[in-house]
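Q: coords please:
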Amino acid sequence: MLVAAIVILRHPGMEIVETSAVRRPVTFPYIPGLLSFREAPAIVAAWRRLRCRPDLLLCDGQGIAHPRGLGLAAHLGLLLGVPAIGCAKSRLCGTHDEPGPRRGDRAPLVLNGHVVGAVVRTRDRVRPLYVSPGHLVGVEAAVRWVLACGGGFRLPEPTRQADRLVGRLARGLPTTAAGIAISIEAT
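A: A predicted model of the protein is given here:
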């Protein structure tokens, strides 16, 4: 089974507006580099249950910092027609220098001579995150959003909340967790 969760938060206060989650059978095998084909159908099913349509997706996964240029955030942004940012815990491709030790320090993530993202320190002296544009967002805007959604943890609050929801739903079940988080801009 695959558990997919969406948590919509209002920016800048990071209050939860709505959540949606689904359990779906796994219909696509695990193939490195094609994870979005495995997880996207369940995430789209959770998306269809939402009453509120967010302005921005902040995904626990890659955007264009992907060997094929189409990680989970890029895939979902295109499918759903919404700006999307990938914020991953590990590097899938590219090279980079180590960012400085302070929150907000960053280094370009480069693939084949092109900047495809940034390696960003979200808290002082913690492992950095790999931030990349998914759809309709540039590298600098993606970094600004990830830092603006920080809640004092390594992960931005939207992805942290989605991960927590998936964990609660998947506890004790033989599942693969696919979390996505979404933030909406205050008006």
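Q: partners of Gly86 in the sheet?
A: Applying DSSP bridges to Gly86 yields these beta-bridge partners: Cys59, Ser132.
Q: my read is that it contacts Val139, right?
A: No. Between Gly86 and Val139 there is no contact under Cβ atoms under 8 Å: 10.9 Å. All C-beta spots, glycine's among them, are computed from the backbone N, C-alpha and C.
Q: common neighbours of those two, please.
A: Listed as contacting both Gly86 and Val139 by Cβ atoms under 8 Å, 6 or more residues apart in numbering are 117, 131-133.
Q: quick one: those as JSON lines, columns for pLDDT and neighbour count too.
A: Below are the shared contacts of Gly86 and Val139 laid out as JSON lines (pLDDT from 0 to 100; neighbours: other Cβ atoms under 10 Å):
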{"residue": "Gly117", "pLDDT": "98", "neighbour count": "33"}
{"residue": "Val131", "pLDDT": "98", "neighbour count": "29"}
{"residue": "Ser132", "pLDDT": "98", "neighbour count": "33"}
{"residue": "Pro133", "pLDDT": "98", "neighbour count": "26"}
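Q: got the residues you listed as CSV, with distance to Leu57 columns?
A: Shown next, in CSV, are the shared contacts of Gly86 and Val139 (distance: Cβ to Cβ, whole Å):
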residue, distance to Leu57
Gly117, 16
Val131, 13
Ser132, 13
Pro133, 11
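Q: pick the one among those residues closest to Arg51.
A: Pro133 (27.6 Å; Cβ to Cβ).
Q: next, the contact list for the closest one, please.
A: Pro133 touches 63-64, 73-74, 84-86, 116-117, 139, 141-142, counting by Cβ under 8 Å, 6+ apart.
Q: show the buried residues in those residues.
A: Among the contacts of Pro133, those classed as buried by 16 or more other Cβ atoms under 10 Å are 63-64, 73-74, 84-86, 116-117, 139, 142.
Q: filter those residues down to just the ones in helices.
A: Mapping the buried ones among the contacts of Pro133 onto helices (DSSP state H) picks out 73-74, 139, 142.
Q: out of those, which comes closest to Gly104?
A: Ala142 (13.7 Å).
Q: separation between the closest residue in space to Ala4 that isn't next to it in sequence and Glu18?
A: Closest residue to Ala4 apart from its sequence neighbours, by Cβ to Cβ, 6 or more residues apart in numbering: Ala42 at 3.7 Å. Ala42 is 17 Å from Glu18, where distance means Cβ to Cβ, to the nearest Å.
Q: right, I'll call it a day here.
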